[in-house]
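Asker: build me a model:
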Amino acid sequence: MITREVLPKILHWVGKEKILILKGARQVGKTTLLNEVVAEIKKKDPTAEVVFLRADDTSDAAYLRSTAILEEYLKRNHGFPNRFVTVCIDEFQNIPDAGTFLKTFFDAHKGKLQFIVSGSSSLEITKNTEFLTGRSIDFDIPRITFREYFNYENNSTVAAIPLSDFESLKLFYETYTDPIDLRFGTYLTYGGYPEVITTAGHEDKITILESIAKTYVEKDVAGFLRIENITGFNYLVRILSAQIGSLVNLSEISITTGLARNTAEKYLEVLVGTYVFHVVHPFFRNIRSELSKMPKIYALDIGMRNYFTRSFDTDGKSDGHRIENFAYLELLNRFKKEYVHFYRTTGGAEIDFVVELPNNSVLLAEVKYRQKPSLPVAMRNFEKRYPEVVSEKIILTKNVIRKDPDGTIFLPVNLLPFVDLTS
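Answerer: Below is the predicted model of the structure:
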């Protein structure tokens, strides 16, 4: 089994007076995590009352038609409210008025039960969880991260090494260069869906990716969200997949796809809301001299992006866009998405990533996947312009690892998953 690093964070809140919400795309392992939480609860107390309901299953959904029905079901079958009950609900956004439902039941029976729920559409989750302010703790469940994948394949438990412990990082990289590089190429090809990772064989992996994509379109897009122009939607997905790491110009995309601009904007919102892409906004201090409000686009799974673009003819290590997307996903594993930006001036100077840190400081990161990387002029100029805010300068390389006298750190991009950037 693949060990998920988010599990201990979820378990920390089990038994406390909070609704726990696990958010993420379909088939990223939310149900597995719910089952692992149930197993841990039972391990700690074999007599604990735990209910597992699937809101997208007809028979289970019958118990979720109203709070009165759920209360009656729990009373008849689980000793509620005389016994504390943990209620796990998979795909809870399928409950009509889910947020009001959870709030009403939670408030009426506070201290007598805990809801632990999962959801696949942040559009619906956001709409519903506005009723749960102060009552819920959210967990973003990503695809399998590269470090989780590496540990699974190598039967290891490698933890992140502090960036400040540079000598340990160098030693680790020298020791594990070959297995890291091998896994890196595979990850850039097939991505991080659990079933894809645990399936052997090129054709079978692609078949699984195709199945996930079709399920997403049929259940989330055509079914739950009722998107009618599936052809136009799929065309937009392919175009966005082909331009990861690039600026998103909705006017140009509208012309290319034949979709009305507001339709293209709506479909992009759906793709972001269902965890297929992220848009990354520019960092600026002086809005007059630094560029536009156009965001960049990144895929949240490189394997799925490759499926949409039919790019399975390479291991990805010669594809700069995939490398940059990989770096974004690794930063996303450490920092909230609203803190990760890019930097671009009206003159075209660019820094791939500007990460906002506490105390009004920033981390600068640039992907230079080459043999002899150097500090980019844009990064040097940024530091001159904002000398008081730059905390770290990191150049993500092909295989160069060193620390320059000015503090610039050069790291192989596939070492980034093993680096603790917060210490």
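
Asker: could you find the closest non-adjacent residue to Arg261?
Answerer: Ser254 (4.3 Å; C-beta to C-beta, 6 or more residues apart in numbering). For every residue, glycine as well, the C-beta is placed using N, CA and C.

Asker: next one: Phe353
Answerer: Using C-beta to C-beta, 6+ apart, the nearest residue to Phe353 is Ala365, at 4.2 Å.

Asker: strand partners (parallel or antiparallel) of the helix or strand harbouring that neighbour?
Answerer: Secondary structure from DSSP states H and E places Ala365 in strand 361-367. Using DSSP bridges, the strands paired with strand 361-367 are strand 350-357 (antiparallel), strand 390-397 (parallel).

Asker: for this structure, where's the lowest mean pLDDT among helices and strands?
Answerer: Taking mean pLDDT, DSSP states H and E as the measure, the chain has helix 122-129 as its least confident helix or strand, at a mean of 64.

Asker: after that one, next one along is what?
Answerer: Immediately after helix 122-129, counting by DSSP H and E, sits strand 136-140.

Asker: find the helix or strand that the residue nearest to Arg261 is a member of.
Answerer: Short version, using DSSP H and E: Ser254 is in helix 250-257.

Asker: contacts for stretch 230-239?
Answerer: 217, 221-222, 227, 253, 256-259, 263-264, 267-268, 270-271, 276, 308-309 (C-beta atoms under 8 Å, 6 or more residues apart in numbering).

Asker: one more time with 7 Å
Answerer: 217, 221-222, 227, 253, 256-259, 264, 267, 271, 308-309 (C-beta atoms under 7 Å, 6 or more residues apart in numbering).

Asker: same question, stretch 43-52
Answerer: Val38, Ile41, Lys42, Leu74, His78, Gly79, Arg83, Phe84, Val85, Thr86, Val87, Cys88.

Asker: ok so Phe410 is a strand residue?
Answerer: Yes - checked against DSSP: H, G, I helix; E, B strand; the rest coil, Phe410 lies within a strand.

Asker: can you pick out the most distant pair from the contacts of stretch 230-239?
Answerer: Ala222 and Thr256 (22.4 Å; C-beta to C-beta).

Asker: all helices for the stretch 301-423 of the chain, in order.
Answerer: 302-309, 320-332, 377-385 (DSSP state H, counting those that start in this stretch).

Asker: between these, which one is closest to Asp178.
Answerer: That would be helix 320-332 among the helices of the stretch 301-423 of the chain, by C-beta to C-beta, at 18.5 Å.

Asker: which parts of stretch 143-162 are buried?
Answerer: By 16 or more other C-beta atoms under 10 Å, the buried positions in stretch 143-162 come out as Arg143, Ile144, Thr145, Phe146, Arg147, Glu148, Tyr149, Phe150, Asn151, Tyr152, Ala160, Ile161.

Asker: near Gln371, how many other residues are there?
Answerer: Residues near Gln371, counting by other C-beta atoms under 10 Å, number 9.

Asker: count the residues that sit near the closest residue in space to it that isn't next to it in sequence.
Answerer: Spatial nearest neighbour of Gln371, excluding adjacent residues (C-beta to C-beta, 6+ apart): Lys398 at 6.2 Å. Other residues near Lys398 come to 17 when the count uses other C-beta under 10 Å.

Asker: tell me who's in contact with His321.
Answerer: Per C-beta under 7 Å, 6+ apart, neighbours of His321: Ile244, Gly245.

Asker: from Asp60, how far out is it?
Answerer: According to C-beta to C-beta, to the nearest Å, His321 stands 42 Å off from Asp60.

Asker: same check, this time on Glu252
Answerer: In terms of C-beta to C-beta, Glu252 sits 45 Å off from Asp60.

Asker: the two - which one has more neighbours?
Answerer: Counted by other C-beta under 10 Å, Glu252 and Asp60 do not tie: Asp60 has more neighbours, with 17 against 12.

Asker: can you give me how far the helix or strand where that one lies is from the chain middle?
Answerer: Using DSSP H and E, Asp60 sits within helix 58-61. Distance of helix 58-61 from its chain centroid, counting by C-alpha atoms, centre = their mean, to the nearest Å, is 29 Å.

Asker: could you list the residues in contact with that helix?
Answerer: Leu53, Arg54, Ala55, Asn94.

Asker: dump those residues into CSV; add neighbour count, pLDDT and secondary structure as well.
Answerer: Listed next are the contacts of helix 58-61 as CSV, based on neighbours: other C-beta atoms under 10 Å; pLDDT from 0 to 100; DSSP: H, G, I helix; E, B strand; the rest coil:
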residue, neighbour count, pLDDT, secondary structure
Leu53, 21, 97, strand
Arg54, 19, 96, strand
Ala55, 20, 94, coil
Asn94, 20, 88, helix
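
Asker: is it possible to get a markdown table of the residues you listed that adds distance to Asp178?
Answerer: Below are the contacts of helix 58-61 laid out as a markdown table (distance: C-beta to C-beta, whole Å):
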| residue | distance to Asp178 |
| --- | --- |
| Leu53 | 46 |
| Arg54 | 43 |
| Ala55 | 46 |
| Asn94 | 46 |
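
Asker: just curious, which of these is nearest to Glu338?
Answerer: Nearest member of these to Glu338, counting by C-beta to C-beta, is Asn94, at 27.4 Å.

Asker: for that closest one, which non-adjacent residue is closest in space?
Answerer: Here the residue nearest Asn94, using C-beta to C-beta, 6+ apart, is Ala55, at 4.1 Å.

Asker: where's the one you found relative to Thr257, distance?
Answerer: 33 Å.

Asker: for burial, what's the neighbour tally of Glu388?
Answerer: Neighbour tally, Glu388, other C-beta under 10 Å: 7.

Asker: cool, Leu240 as well?
Answerer: 25.

Asker: please enumerate the strands of the stretch 151-300 of the chain.
Answerer: 161-162, 277-280, 296-299 (DSSP state E, counting those that start in this stretch).

Asker: which elements pack onto the last one?
Answerer: Read it as strand 296-299. strand 277-280, helix 320-332 (3 or more C-beta pairs under 7 Å, 6 or more residues apart in numbering; DSSP states H and E).

Asker: let me see the ranges of the helices in the stretch 101-250 of the chain.
Answerer: 122-129, 146-154, 166-190, 194-197, 202-215, 230-242, 250-257.
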